[in-house]
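>>> next comes the sequence, and after it the predicted model I'd like to discuss.
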Amino acid sequence: MSGCLLILSIVTSISWPLHFVTPDELDEPLEKLLSRDPIVVEEGVVTLAKMDAEQVRTRLRWMVLEEGKSPELPAIVCDLLGQVGGVEDLDLLMGWMTSDDQELTSAAIRALVEIASRYPESSTIDRMLKWCVTKQGDPLAMAALVRPNTAQDILPAALRQLRDGKPRDLVGAIDYLRNFGAGPYQKELQRAWKKMPKMTGHPARIAIVQALATIPVDEWSPSTRDLMREALENRDWRVRRRSVEAMVELWSPLSVDLLLETLPENPGDPDLFDWHHALSDMTGEKKPVDAMAWLAYAEMYSSPRKIVARKERPAGGWLRAPAEGVGNAEVKDGPTVVFFDLPVLAADAVFLFDLSGSMNGDFGGRTRMEAARIEVHTMLEQWLSMPRAEQPRFNMVLFREPYGDPWNARIDRVFPRLAPLSPKNAQAATQWFASQGTCRFAYQESIEAAIEDPECRFIYFLSDGEPWGGRCNDLDRLLKALERVTRFHPVAIHNVVIGGGEKAEEYCEKISERHSGRLRKIRNASESMPQDGQAAQVFTARKLGVNIITNPGAETASVEAAAGKLASASLVEAWESAESNTPLQVQPWNGYSMDEGDHLPVPEGAGANYFLHGTIGGVAIRTIVRQEIDLRRLRSAINKGASYRFSAWIGGWQKQKDEARVRIVFLDEDGQELSDDSIGPVIAADRGNKNGMCHRQSDGLVPAGTRRVVVEMIFDKEKGGTVSDAAIDLLELVIEKKQTGSGF
């Protein structure tokens with residue numbers, strides 16, 4: 001900080017233009033800059049950036065002098081000076097650029113580059129940019145040196161950096177040539193490409209592709225065509241994606257030729273969407289997302305191929321999301337699942353979540369968080385039902401910024417890196433999501449955390465409103481920041497806004513548009529929940545001879561209760577409420593339980609918990625929870641003849657008449673009921689008027705044509721009292737091949 005204070009005497013020479021804002025009006029936003037809460041700081045930055053620049057700069061300088069011990073303030077001031085700063089502030093920036101704090105140095109250089117764009121003729125800025133290049137090797141400063149007084153002087157240095165091949169220097173030198181005019185330097189760019197190791201250097205490769213895309217095709221050297229084809233086939237998906245975008249920027253028949261020569265032919269390849277959209281834009285052809293259709297086009301029309309009039313470049317670039325009809329057999333888009341009706345390709349993806357307190361608000365009889373949890377589980381089940389070759393890697397990431405302690409933020413992940421989709425990993429992800437508590441919602445930090453994994457190609461972000469945590473919340477500032485951090489990681493960002501207002505939807509829509517994504521608006525519960533009371537979750541039975549019920553003993557929940565007292569109520573994972581005004585409880589056996597006092601034994605094989613009807617109130621009421629299971633993988637055995645074994649432990653408390661039973665319903669492809677069966681209730685007399693459970697079992701044949709089965713737990717409470725003690729544990733439904741002579 002001391003380096004920046006040497007020249008602060010110039011402050012006294014700056015006067016106040018009082019006709020814009022009064023000094024008092026600046027006090028509140030300036031005070032916010034000193035907060036330890038990033039969102040409060042952000043509010044101050046956004047407000048000050050809209051005020052008179054000269055007054056803001058003057059007060060900022062005084063604040064730096066008065067609050068010099070604040071470690072975060074210089075970087076915040078750099079952010080503001082990038083927006084409102086002028087040549088009068090160069091002394092401050094120079095002091096910070098010599099700091100030992102690398103983050104502060106980078107912030108100061110970014111501010112200098114932004115100021116430089118407003119003062120193209122300043123010799124002082126020229127000298128400072130040169131210093132940043134020679135002393136700091138900063139690529140932003142190198143690219144910014146394409147200025148009236150320096151462009152030609154710095155050219156030899158840029159070419160030297162290009163030849164040296166240092167990764168940090170390469171991007172700056174390439175961007176310099178791009179701004180200067182890359183046409184005469186194609187060979188130098190090609191040599192730099194060849195010198196880079198094949199497994200590294202993707203930012204420099206992207207920079208080279210973007211530089212070559214500024215050169216008219218008729219000025220290309222022959223080897224430039226070869227380089228661009230190599231870029232389209234590069235092993236790094238990030239290079240391939242930016243290369244497709246470069247082809248559209250060129251908007252040339254040669255672009256069409258190169259794309260057709262390198263066209264991905266696998267229907268499930270996410271690259272195919274980029275190639276398809278680029279070819280559609282330039283040729284005007286309306287075709288399904290199908291490589292065969294484009295290969296047929298290539299045979300029908302010889303090179304040079306005709307292209308349509310150039311379109312205006314979209315704000316977010318040429319790359320964009322798959323069509324709404326994705327997954328439709330007619331469109332032939334390749335295998336997909338959906339997340340709140342958003343198409344989710346069979347490609348590497350990271351899911352991000354807003355877990356702010358408002359996500360626990362009511363949303364049609366359940367919370368937004370519960371709706372999200374159900375949707376996550378359903379999506380993973382759908383993915384698991386796909387052929388293994390089409391299953392992607394995935395991860396779930398959360399930028400956790402605790403309430404009241406925002407500077408103690410951290411990144412939480414299910415897996416250290418993207419993990420293969422498997423039943424074990426899907427269960428781990430579901431349990432991780434269910435265990436997360438509330439925290440503040442930060443958009444930029446979440447995206448940055450997701451793309452730390454180089455294989456993250458798609459992001460799906462679920463929220464119920466605008467972010468209100470982290471560094472950037474103002475939309476314009478956030479868009480600019482995301483553009484910077486995704487240049488070399490062109491991830492597609494999709495958004496789901498659940499129960500949010502129009503402003504939140506507009507906010508997320510802009511982000512999706514700029515990053516090749518789509519927005520799904522869930523404005524009311526009916527859009528996220530099934531109609532006619534059917535369960536939203538659908539599980540998949542994969543094997544004969546095993547229990548096909550998910551969470552049959554309430555073991556996925558972690559609950560505690562003091563002896564003789566109820567545990568707190570919780571949503572039961574994998575079970576959907578079909579008829580209730582109170583969620584079913586998960587109760588530990590060592591708490592207020594059947595295993596207390598005068599009781600029947602704890603069922604053999606019981607885990608830590610069981611299902612308890614719980615606290616209801618002093619009226620007679622019924623609670624039904626259900627689970628739907630897809631049996632299509634077992635259809636061959638069912639069509640040939642299959643049997644089922646259906647059992648559970650069911651019970652209650654002493655002489656009380658609270659009762660529970662379990663029912664199964666077999667359904668055909670159209671959801672029509674074929675048959676049903678039930679076990680229970682176990683009344684007090686069956687238990688000898690004692691606490692505990694009894695085992696009940698039923699056996700039978702699975703009806704031919706069965707494609708689904710619904711399992712229901714039904715709890716009834718007797719009139720009076722405040723607690724229903726009807727309980728169930730260890731549910732089991734096993735389907736097997738019918739045995740000859742079984743008697744069925």
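Sure, I can see it. Residues are numbered from 1 along each chain as shown.

>>> Ala426 contacts Glu381, doesn't it?
Yes. Applying CB atoms under 8 Å, one finds Ala426 in contact with Glu381, separated by 7.4 Å. Quick note: C-beta positions are derived from backbone N, CA and C, even for glycine.

>>> now do Gln656: how many residues are near it, please.
The number of residues packed around Gln656, counting by other CB atoms under 10 Å, is 18.

>>> assign a three-state SS to it, would you?
Classification of Gln656 into helix, strand or coil gives coil, according to DSSP: H, G, I helix; E, B strand; the rest coil.

>>> pretty sure it sits against Ala685.
No. Between Gln656 and Ala685 no contact is recorded; they are 12.0 Å apart, counting by CB under 8 Å.

>>> could you chop the protein up by domain?
Using automatic domain parsing, the domains assigned to the chain come out as 336-477+489-528, 538-737.

>>> all helices of the stretch 101-250 of the chain, in order?
Per DSSP state H, counting those that start in this stretch, the stretch 101-250 of the chain has helices spanning 102-118, 123-131, 139-144, 151-164, 167-180, 186-195, 202-212, 222-232, 237-250. These are given in chain order.

>>> report the distance from the third one to the chain centre.
Yep, that's helix 139-144 we're talking about. On the basis of CA atoms, centre = their mean, to the nearest Å, helix 139-144 sits 32 Å off its chain's mean C-alpha point.

>>> contacting residues around that helix?
Residues from elsewhere that reach helix 139-144, judged by CB atoms under 8 Å, 6 or more residues apart in numbering: 109-110, 112-113, 116-117, 129, 132-133, 154, 158, 161, 168-169, 171-173, 175-176, 178-179.

>>> cool, the first one as well?
Helix 102-118 is contacted by residues 74-75, 78-79, 81-83, 85-87, 89-90, 93, 96-99, 122, 125, 128-129, 132, 136, 138, 140-141, 144, 147 when judged by CB under 8 Å, 6+ apart.

>>> filter those residues down to the buried ones and hand me the PyMOL line.
Selecting in PyMOL just the buried members of those, where the criterion is 16 or more other CB atoms under 10 Å, is done with this command:
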select buried, resi 74+75+78+79+81+82+83+85+89+90+93+96+97+99+122+125+128+129+132+136+138+140+141+144+147
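
>>> after the helix or strand of the chain with the lowest mean pLDDT, which helix or strand is next?
Per-element confidence for the chain was summarised using mean pLDDT, DSSP states H and E. The lowest value among helices and strands belongs to helix 2-5, with a mean of 36. Beyond helix 2-5 in the direction of the C-terminus, DSSP states H and E gives the next helix or strand as helix 23-32.

>>> show me what that following helix is packed up against.
Contacting helix 23-32 under the criterion 3 or more CB pairs under 8 Å, 6 or more residues apart in numbering; DSSP states H and E are the following elements: helix 38-49, helix 53-66.

>>> for the stretch 551-700 of the chain, which segments count as helices?
Listed in chain order, the helices of the stretch 551-700 of the chain (DSSP H, counting those that start in this stretch) span 635-640.

>>> got a pLDDT number for Met199?
In the predicted model, Met199 carries a pLDDT score of 66.

>>> related to what we said a few turns ago, now the domains of the chain as TSV including mean pLDDT and distance to Asn234?
Formatted as TSV, the entries for the domains of the chain read as follows, by pLDDT from 0 to 100; distance: least, CB to CB, whole Å:
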stretch	mean pLDDT	distance to Asn234
domain 336-477+489-528	82	13
domain 538-737	81	37
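
>>> dump the ones you listed into a markdown table; add distance to Val56 as well.
Putting those into a markdown table (distance: least, CB to CB, whole Å) gives the following:
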| stretch | distance to Val56 |
| --- | --- |
| domain 336-477+489-528 | 16 |
| domain 538-737 | 49 |
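
>>> of all those, which one comes closest to Ile307?
Comparison of these against Ile307 by CB to CB identifies domain 336-477+489-528 as nearest, at 21.9 Å.

>>> where does Asp729 sit, in terms of helix or strand?
strand 723-737.

>>> what is that strand packed up against?
When contacts are defined as 3+ CB pairs under 8 Å, 6+ apart, strand 723-737 sits against strand 609-615, helix 635-640, strand 642-652, strand 659-667, strand 692-702, strand 708-716.

>>> of those, which is nearest Ala578?
Closest of the helices and strands packed on strand 723-737 to Ala578 is strand 708-716, at 7.0 Å (criterion: CB to CB).

>>> ok, and what's touching the closest one?
Counting by CB under 8 Å, 6+ apart, strand 708-716 makes contact with 535, 538, 548-549, 575, 578, 584, 611, 613, 620, 622-631, 658-668, 671, 681, 724, 726, 728, 731, 733, all of which sit outside it.

>>> paired strands for it, with orientation please.
When pairs are called by DSSP bridges, strand 708-716 turns out to pair with strand 622-630 (antiparallel), strand 659-667 (antiparallel).

>>> chain neighbours aside, what residue packs nearest to Trp237?
Closest residue to Trp237 in three dimensions, ignoring its sequence neighbours and counting by CB to CB, 6 or more residues apart in numbering: Arg457, at 6.1 Å.

>>> what sits against the one you found?
So, once contact is read as CB under 8 Å, 6+ apart, Arg457 ends up touching Trp237, Pro270, Ala347, Asp348, Ala349, Val491, Ala492.

>>> sorry, back to before: any chance of the helices of the stretch 101-250 of the chain in CSV, with distance to Ala637 too?
Putting the helices of the stretch 101-250 of the chain into CSV (distance: least, CB to CB, whole Å) gives the following:
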stretch, distance to Ala637
helix 102-118, 62
helix 123-131, 73
helix 139-144, 62
helix 151-164, 65
helix 167-180, 57
helix 186-195, 57
helix 202-212, 49
helix 222-232, 47
helix 237-250, 41
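
>>> in JSON lines, list those helices along with mean pLDDT and distance to Ser356.
Written out in JSON lines, the entries for the helices of the stretch 101-250 of the chain read as follows (pLDDT from 0 to 100; distance: least, CB to CB, whole Å):
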{"stretch": "helix 102-118", "mean pLDDT": "91", "distance to Ser356": "27"}
{"stretch": "helix 123-131", "mean pLDDT": "92", "distance to Ser356": "42"}
{"stretch": "helix 139-144", "mean pLDDT": "88", "distance to Ser356": "34"}
{"stretch": "helix 151-164", "mean pLDDT": "88", "distance to Ser356": "45"}
{"stretch": "helix 167-180", "mean pLDDT": "88", "distance to Ser356": "37"}
{"stretch": "helix 186-195", "mean pLDDT": "93", "distance to Ser356": "45"}
{"stretch": "helix 202-212", "mean pLDDT": "95", "distance to Ser356": "34"}
{"stretch": "helix 222-232", "mean pLDDT": "95", "distance to Ser356": "41"}
{"stretch": "helix 237-250", "mean pLDDT": "96", "distance to Ser356": "31"}
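
>>> figure out which of those helices is closest to Asp476.
Across these, the minimum distance to Asp476, taken as CB to CB, is reached by helix 102-118, at 13.6 Å.
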